[in-house]
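**Student:** What follows is a predicted structure for the sequence shown.
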Amino acid sequence: MDIFIEKLLVTDAEDLYNFELGNRTFFEEMVPTRGDGYYNPETFKKRHETLLEEQVIGGSCFYLIKDHNSSIVGRINLVDMDESDKIGYLGYRVGQAHTGKGIAKKALKLLVETVTDEGVKQIKAKTTTNNIASQRVLEKNGFERIGTSREEFEMNGRRLKFVYYALNISS
């Protein structure tokens with residue numbers, strides 16, 4: 001599947017809300033829940049506006065992963081940028097109907113190319129010990145596993161830990 005990434009826009013709010021709501025159960029199987037409030041339409045709209053403001057100010061880049069029809073199939077973000085050290089923290093998610101097609105791998109490659117052009121030197125990421133697919137996506141894009149948290153947490157009746165990764169980008 002051909003995909004592209006595009007910075008988050010004000011006009012994406014409704015489609016993004018529908019994407020998140022439609023994939024809520026699937027996402028919550030692998031990552032901690034964002035809570036019921038996140039899915040309230042008014043709260044979501046305000047949160048969307050906050051993300052857009054944060055993107056303008058700098059320090060975070062929010063991208064949507066879209067297919068050839070410009071439909072949202074996922075999202076990928078680089079947040080909490082350390083401007084002095086040029087380090088950002090990765091987050092991504094692909095909708096259930098689009099998993100297993102290499103979309104996350106392609107989107108991450110596109111993101112790395114994009115932020116490299118903007119001077120980012122390192123990208124850090126974390127995933128859960130049960131999210132093997134996410135671990136593979138990171139590793140296939142050159143991320144190095146740098147550790148696993150000592151603390152466990154419970155999610156969906158399972159005891160999990162976080163697995164940490166980093167990608168050092170050379171100019």
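**Tutor:** Happy to help now that I have it.

**Student:** what about this structure, any weak spots by pLDDT?
**Tutor:** Where the chain drops to pLDDT under 70, the residues are 171.

**Student:** Can you find which strand in it contains the most residues?
**Tutor:** As assigned by DSSP state E, the longest strand anywhere in the chain is strand 72-82.

**Student:** Give the pairing partners of it; include direction for each.
**Tutor:** The pairing partners recorded for strand 72-82 under DSSP bridges are strand 61-67 (antiparallel), strand 87-94 (antiparallel).

**Student:** how about those, which one is nearest K121?
**Tutor:** Distance to K121, taken as Cβ to Cβ, is lowest for strand 87-94 among the strands paired with strand 72-82, at 6.6 Å. Where you see a C-beta, it was placed from the backbone N, CA and C, and this is true even at glycine.

**Student:** ok, and what's touching the closest one?
**Tutor:** 23, 27, 31, 61, 65, 73-82, 103-104, 107-108, 111, 115, 120-125, 137 (Cβ atoms under 8 Å, 6 or more residues apart in numbering).

**Student:** Pull out the buried residues from these.
**Tutor:** Listed as buried from the contacts of strand 87-94 are 23, 27, 61, 65, 73-78, 81, 103-104, 107-108, 111, 115, 120-121, 123-125, 137; burial here means 16 or more other Cβ atoms under 10 Å.

**Student:** Check for me that K105 belongs to a helix.
**Tutor:** Yes: under DSSP: H, G, I helix; E, B strand; the rest coil, K105 sits within a helix.

**Student:** give the contact list for it.
**Tutor:** V137, K140, N141.

**Student:** If we use 10 Å, what do you get?
**Tutor:** Counting by Cβ atoms under 10 Å, 6 or more residues apart in numbering, K105 makes contact with V94, A133, R136, V137, L138, E139, K140, N141.

**Student:** Same question for A104.
**Tutor:** So A104 contacts 3, 65, 73-74, 76, 92-94, 98, 133-134, 136-138, 140-141 (Cβ under 10 Å, 6+ apart).

**Student:** I appreciate the help and will end here.
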